[in-house]
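> Take this sequence and fold it.
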Amino acid sequence: MTGAVKGRDRRAAERWGRWAEALAAWRLRLAGYRVIARNFRVGVGEIDLIVRRGRTLAFVEIKARPDLAVAAEAVRPLQQSRVRHAAQAFLARRPDLAGLDLRFDAVLIVRGRWPVHLSDAWRDST
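Here you go, the predicted model:
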């Protein structure tokens, strides 16, 4: 594969990822969540979306894949650990939110389907 083709593929993947994140945020807003932060990055990890509804603060991992099974499998333990560590860093910066009920969610995106929101997709094992 040439460099130009790789560059086009990468740009297409980035556009698809941005679209998936926007769609996930829209889906969650329709369900009554308020977006607190997008693409929160620290050295230990990254969180795609941080949303709040009532007394619940959810750290959301978004996976856009060709089908739901592949998307669900993509939320692996290493990714969960990175999100968990980034959540700790976020809460250190926003102690006003630390008293809320915390949860780890996932939104699975497949072209042509309504996004699937997995509430409480995994538990904090620490």
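
> For residue 103, which residues are in contact?
By C-beta atoms under 8 Å, 6 or more residues apart in numbering, residue 103 lies in contact with 56-59, 119-120. For every residue, glycine as well, the C-beta is placed using N, CA and C.

> Can you say which of the residues you listed are buried?
With burial judged by 16 or more other C-beta atoms under 10 Å, the buried subset of these is 57-59.

> Looking at the contacts of residue 103, spot the one nearest residue 29.
Nearest to residue 29 among the contacts of residue 103 is residue 58, at 12.7 Å by C-beta to C-beta.

> circling back to that earlier point, of the contacts of residue 103, just say which sits nearest to residue 10.
Using C-beta to C-beta, residue 59 is the member of those that sits closest to residue 10, with 26.5 Å.

> Starting from residue 31, give me the distance back to the closest one.
Between residue 59 and residue 31 the computed distance is 16 Å (C-beta to C-beta, to the nearest Å).
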